[in-house]
Structure formats: C-alpha cells, structure tokens
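K.L.:
The following block contains a protein sequence and its predicted model.
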Amino acid sequence: MSRPGFLRVPETPLLRRTVLAAAIALALTLVFVQYERRETAAGHAAPPAGVVTLAAPRAGVIQSLSVSSGERIAAGAEVARLSVSDAVSQGSAAGLRLSYIDEETTLAARETEARQRELDARTRQLRATAGSLRTERDLVRAQRQVSEERLAITEDALADAEQVAVQGFISRREMDSRRLSALAGRQEIGALNVRLEALEREISDTEEAGRIVALERERLELDSSRAAASLGARRVQEQAADQIMVTSGVAGTVAVLFRDAGSSVSQGDLIAAILPPGETLEVRLYASGAAVARLRTGDAVRLKFDAYPFRQYGAGSGRVSYISSTTLPPQEIARLGLPPGPALYLVTVEDVTPPPRVEGRLRSGMGVTADFVTHRRRLVHWFWTRTLGR
C-alpha cells in the first residue's frame, strides 16, 4: 500500500544525515546517560563520638551557665557553676552559715539605721538651737545699739548740765540723778556685751557640736560600709565553698548544652559537649529499611539544613560513615520524638560540609534532611529490561 502523496518525504542526503545523527545521539544517550533513584531521611546535627563532654562532679543545682551553644572557648574557661549544698531545711551547714550571715547583715543594717536616725535628730536639734541663739544675738546687738545711742544722748546732756551747774542753776541732787542715769546706761551696755559674748560662745559650741555629729555620721557610714564589705566577703567565701566551677579542659566550640541554669543534676549527668578545634559535627539520620538497603559506607550524601532554606543557601554534603545493622528500639524512637511507623536505622554521616552560602557555623541539634542515591543504572539497561523484557 503506497503512502498518500502529501505524506511522502523526499529522501535527500541532508535527511539521511539528520536521521543518522539522531540515531547516534539516541544510542549514546542510552549507553552513557544514567538515571538515579534517591531516598530521603531526616535527622539532626550532633557532636561526633570524639567530642569532649563535661559532667557534673557532684549532685546539685546549676546556678549559672557562662557559655552559649556555638561559642568558642579557651582551655580552662568556666562553663557552668554548680551549687552542691542541700537546702537549709535539710540541715546544710553551709546553708545555715549563710542564713546566720544574712541575719547578722540585717541586724547591722537596722543598728546603722537607728543610729543614723538618732544623729539626724541630734543634727536637727543643734540646728534649731543655733538658729535661736543667732536670733537672740541679733536682738541683743540691736538692743545694745539703742542703749549706746541713749547713753550718748545722756552723756551729752550731762556735759551740758555740768556747765550750767557751775553757774548754780542746777541743784546737786539733779546732777547726781543725771550722773546715775549715765552710769546705768554704761552698766546696761556692759551687761549686753557680756550677753553677746556668751551667745557667741554658745553659737560656736553649737556649731562645733554639729560638726562633731557630722563626723560621727561619716564614721558611722564608714563603719557600716566596712561591716557590709566584711559580711559580703564572708558570704562570698561561704558560697564559694558551697559551689563548684565546671571548666573545659580543652579549647574548642561549645557543641551543645544539655542543661539550663536552675536545672538539678546528679553526679555524672552531662552538662555540655565541647568540639575540639579541627573537628566538625556529624549528622545522624534515621532512615527506613528501603533507604539503607542499597546504601554503603563511603557513599556521598546531600544535606539540607532546616535552619538554612535550600533555595536560598543551597545544600551541604557529607559521607556515610556508619549504618546500623539493627533497627532502633521503640523507646529510642519515642525519645527522639520520631513519629511511629516503619522500622528505622541509624545512619551516621561525617565530613559534613555546610551549604556554600552559609557564613555561620553549624550547631548541634539543627534539623537535617538528607537525600542519597540508592540505585543508579544506565538508560540502556532500563530500556533493555523495560522495553525488551530482559
């Protein structure tokens, strides 16, 4: 049966060459191009087995943490401060000593406050007395000025009277009366001067007493500060004897903190993990049986970190270093917070490289999703088995 005319394509050398090139390209694609089957597994970054761990030397309570996760520290640096005393109600000698120091501090503060109130009252009294004395002194000065003016008038009148008395116009009695009046004025002024001197002495004594009270107040404040410092030093010594400082024996990076401040710990409980210089975190994956069936140690793994979105930062990489031969027990799956389902195997990835666009460090506990090749075949094999059934 011949083809219709409109379907006939004239054979030309160009057409033959094009068909030949397409056939060769298809053959090369089938021979050299491979297709891959990938599986995924979720997990998290974790310190490697060689990480340095710090444990509580005794049971107690973590008073403070001096570092944070991801922080670089030097050898001997303080990581945590652990209080190892029991509660006062349980009869702790250190706790009782601290309570006694607190009571002594409170009593000393009350005594100082009472003494300060007493000195304040004394200061107010002296100021009031000094004010009254100054007022009285001003009044006496004014009175003396008036008396001096009156005496001056009296003496002038007496001098005039003596001149008149010589002529016999004023009696002796009148002259004696005038002389007595002048003498009384001088006596009054003398008494006022004596009173002024006494007032000046009293004012001076009162001001001196005020200065003494001020010095006593300064001395009281100094003694109070010295006592507070002494009691504070005793308290620090008691607290230091009651606390243990947990330090890092090596320099490195804080990979993970297992406890928070205020947490109770038993002897041997882990507090922190230190990643030595040159070490990197590993990734622990929890993969299904289908995923690990064709997985081998040394296989490359692509890692996507939850903290660094793949589309923005890209993917990291790693190499499979361990594949567990047994599944994780149900209690371990529950502890890790994994959903119940098919059996899971632990896969450890080392030589972890962060995504290329990540400037910061990877930290322990970061969520990770990994995908890896479980099956790789050439297209010719796939074509042979799928198309030819062999």
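P.N.:
Cool, the structure landed.

K.L.:
hey, let's count contacts and neighbours off CA atoms from now on
P.N.:
Fine.

K.L.:
Which residue ranges of this structure form strands?
P.N.:
34-46, 52-55, 60-65, 72-73, 78-83, 243-247, 252-257, 264-265, 270-275, 282-288, 300-305, 316-323, 344-353, 367-378 (DSSP state E).

K.L.:
Could you export those strands as CSV, including distance to Ala152, mean neighbour count and mean pLDDT?
P.N.:
Output for those, formatted as CSV (distance: least, CA to CA, whole Å; neighbours: other CA atoms under 10 Å; pLDDT from 0 to 100):
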stretch, distance to Ala152, mean neighbour count, mean pLDDT
strand 34-46, 109, 17, 74
strand 52-55, 101, 20, 83
strand 60-65, 88, 20, 86
strand 72-73, 95, 18, 85
strand 78-83, 90, 22, 86
strand 243-247, 88, 19, 82
strand 252-257, 99, 24, 80
strand 264-265, 96, 18, 87
strand 270-275, 99, 22, 83
strand 282-288, 113, 24, 88
strand 300-305, 110, 22, 90
strand 316-323, 114, 19, 90
strand 344-353, 113, 21, 89
strand 367-378, 109, 17, 74
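
K.L.:
Tabulate the ones you listed (CSV), appending distance to Asp156.
P.N.:
Below are the strands of the chain laid out as CSV (distance: least, CA to CA, whole Å):
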stretch, distance to Asp156
strand 34-46, 115
strand 52-55, 107
strand 60-65, 94
strand 72-73, 101
strand 78-83, 96
strand 243-247, 94
strand 252-257, 105
strand 264-265, 102
strand 270-275, 105
strand 282-288, 119
strand 300-305, 116
strand 316-323, 120
strand 344-353, 118
strand 367-378, 115
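
K.L.:
can you pull the contacts of Ser83?
P.N.:
Contacts here follow CA atoms under 8 Å, 6 or more residues apart in numbering; on that basis Ser83 touches 60-63, 242-244.

K.L.:
repeat that with 6 Å
P.N.:
60-61, 243 (CA atoms under 6 Å, 6 or more residues apart in numbering).

K.L.:
Where does pLDDT dip in this structure?
P.N.:
1-11, 14-17, 19-37, 49-50, 85-96, 98, 236-242, 278-279, 359-361, 374-390 (pLDDT under 70).

K.L.:
Report the central residue of it.
P.N.:
Ser66 (9.1 Å; CA atoms, centre = their mean).

K.L.:
Correct me if wrong: that residue contacts Val79.
P.N.:
Yes. With contact defined as CA atoms under 6 Å, Ser66 counts as touching Val79 (5.1 Å).

K.L.:
tell me, what's touching the two both at once?
P.N.:
Here Ser66 and Val79 share no contacting residue, scored by CA under 6 Å, 6+ apart.

K.L.:
Spatially nearest residue to Arg150, not counting backbone neighbours?
P.N.:
Excluding the flanking residues, the one nearest Arg150 by CA to CA, 6 or more residues apart in numbering is Gly185, at 7.6 Å.
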